[in-house]
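[1] kindly return the folded structure for what I paste below:
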Amino acid sequence: GTATPLPDSIGRCVKMLGVPVVMVRTYGAYTRDPLYNGLRRRKVDVSADVKYLLSAKDVAEKTADEVADIINQEFAFDNFRWQQDNQVSVTEPFRAEGLNRVLYKCPHCEMESTMEGKGSKLICNHCKKEYELTEYGFLKATDGEGKFDHVPDWYRWERACVRKEIEEGTYRLEVPVDICLMVNMKCIYRVGEGVLTHTRDGFHLSGCDGQLEYSQSPLASYSLYSDYYWYETGDVICIGDAKVLYYCFPKNCGDIVAKTRLATEEMYKLAKQERKIKHK
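    Reported below is the predicted structural model:
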């Protein structure tokens, strides 16, 4: 429910195109149909406004960094805060189902993939701590004190935990996956099974009876294309380059997609810092 990073090149791209920049911002779209909730829509109105950010003259006169700063500032949002501030009620009984895809780590026992969204509740199946996602988008512990009352705050804590794992050298993902390829705009091709590994060195995908080997460095992308219940198929992690995209569907390994995305973003930041220091 919050903004994902924009590419570092956004300012240079706009400068190269030399066109005006217009932003269309929607309100209520996420609250109506959040990605984690299994494509079940809520009864929430959706609206939008249009803002003229930069004229072609503005783009020409400003530096790429200045253009990027303006776009990044406008691209900041918090959909849960918007719901709370505007008293938008979500009364559907399934509103917390799938929230474990995002809030995958319990802040009480710190176990991962033990969270379960059930009805309007989010429950840790290890320590049994339970939260309710209220009709106005707050988290409320049903027994005792809670660690968080705001979904994005919990997610930011997960990011900090992932960052610490990476810095300490303990982060590692290794999961079996079903593999699909995109090599053109016609369709996605299902090609077989394999293993996806993610470490400080980046991604490595192997499979299809030894016919597929692909590696991707942490500097290859500032973020990760990942999704929940992608086209009603399953949670997906997508890596690749301009020639081929590898759609990896993890099998029987819990809620790992959000953590992998966080790790990708934090590895990119660290690798970028290291490269900058190296070339000083």
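
[2] might one say that residue 98 is in contact with residue 33?
    No. The criterion here is C-beta atoms under 8 Å, and residue 98 misses it with residue 33 at 11.7 Å. (C-beta placed from N, C-alpha, C; glycine too.)

[3] of these two, who's got more company?
    Remark: of residue 98 and residue 33, residue 98 carries more neighbours, 23 against 15, as counted by other C-beta atoms under 10 Å.

[4] enumerate every residue touching that one.
    36-38, 117, 228-229 (C-beta atoms under 8 Å, 6 or more residues apart in numbering).

[5] and what of residue 88?
    Applying C-beta under 8 Å, 6+ apart to residue 88 gives the contacts 28, 31, 44, 82, 136-137.

[6] let me see the contact set for the closest residue to residue 120 other than its chain neighbours.
    Leaving out its chain neighbours, the residue that sits closest to residue 120 by C-beta to C-beta, 6 or more residues apart in numbering is residue 96, at 5.0 Å. Residues in contact with residue 96 (C-beta under 8 Å, 6+ apart) are 117-122, 132-133.

[7] and which of those is nearest to residue 211?
    Set against residue 211, the nearest of the contacts of residue 96 by C-beta to C-beta is residue 117 (37.9 Å).

[8] wait, that closest one sits on residue 100?
    Yes. Look at residue 117 against residue 100 with C-beta under 8 Å: they come within range, at 4.7 Å.

[9] re the thing from before, nearest to residue 277, of the contacts of residue 96?
    Among the contacts of residue 96, residue 122 lies closest to residue 277 (C-beta to C-beta), at 40.5 Å.

[10] right, and the helix or strand after the one helix or strand residue 154 maps to?
    Using DSSP states H and E, the element containing residue 154 is helix 151-168. Sequence order places strand 173-182 as the next helix or strand after helix 151-168, per DSSP H and E.

[11] which of the contacts of residue 98 are buried, as a ChimeraX select command?
    For the buried members of those, the matching ChimeraX selection, counting by 16 or more other C-beta atoms under 10 Å, is:
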select :36,37,117,228,229
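
[12] tell me the one of the contacts of residue 98 nearest residue 218?
    Each of those was scored against residue 218 by C-beta to C-beta, and residue 228 proved nearest at 23.3 Å.

[13] residue 6 reaches residue 71, doesn't it?
    Yes. Between residue 6 and residue 71 there is a contact at 6.7 Å, judged by C-beta under 8 Å.

[14] tell me which of these two has more neighbours.
    More crowded of residue 6 and residue 71, by other C-beta under 10 Å: residue 71, with 17 against 14.

[15] helix or strand for that one, which one?
    Counting by DSSP H and E, residue 71 is found in helix 64-74.

[16] pull out the buried positions in that helix.
    Buried-residue list, helix 64-74, by 16+ other C-beta under 10 Å: 64, 67-68, 70-71.

[17] just the buried members of the contacts of residue 88?
    By neighbour count, with 16+ other C-beta under 10 Å, these hold 28, 31, 44, 82, 137 as buried.

[18] going on from the strand or helix carrying the second one, what's the next piece of helix or strand?
    Residue 31 is part of helix 29-32, with elements assigned from DSSP H and E. The element immediately downstream of helix 29-32 (helix or strand, assigned by DSSP H and E) is strand 47-54.

[19] list the buried residues of that next one.
    Quick answer for strand 47-54 (16+ other C-beta under 10 Å): 53-54.

[20] so what are the sheet partners of that strand and their directions?
    strand 21-27 (antiparallel) (DSSP bridges).

[21] got the end-to-end distance for stretch 189-207?
    Start and end residues of stretch 189-207 are separated by 15 Å (C-alpha to C-alpha, to the nearest Å).

[22] can you give me the buried ones in it?
    So for stretch 189-207, counting by 16+ other C-beta under 10 Å, buried means 191, 194, 196-200, 202-205, 207.

[23] turn those residues into JSON lines, including secondary structure, pLDDT and distance to residue 53.
    Converted to JSON lines, the buried residues of stretch 189-207 look like this (DSSP: H, G, I helix; E, B strand; the rest coil; pLDDT from 0 to 100; distance: C-beta to C-beta, whole Å):
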{"residue": "191", "secondary structure": "strand", "pLDDT": "95", "distance to residue 53": "42"}
{"residue": "194", "secondary structure": "strand", "pLDDT": "97", "distance to residue 53": "43"}
{"residue": "196", "secondary structure": "strand", "pLDDT": "97", "distance to residue 53": "38"}
{"residue": "197", "secondary structure": "strand", "pLDDT": "97", "distance to residue 53": "41"}
{"residue": "198", "secondary structure": "strand", "pLDDT": "97", "distance to residue 53": "36"}
{"residue": "199", "secondary structure": "strand", "pLDDT": "96", "distance to residue 53": "39"}
{"residue": "200", "secondary structure": "coil", "pLDDT": "94", "distance to residue 53": "37"}
{"residue": "202", "secondary structure": "strand", "pLDDT": "96", "distance to residue 53": "34"}
{"residue": "203", "secondary structure": "strand", "pLDDT": "97", "distance to residue 53": "34"}
{"residue": "204", "secondary structure": "strand", "pLDDT": "97", "distance to residue 53": "40"}
{"residue": "205", "secondary structure": "strand", "pLDDT": "97", "distance to residue 53": "38"}
{"residue": "207", "secondary structure": "strand", "pLDDT": "95", "distance to residue 53": "44"}
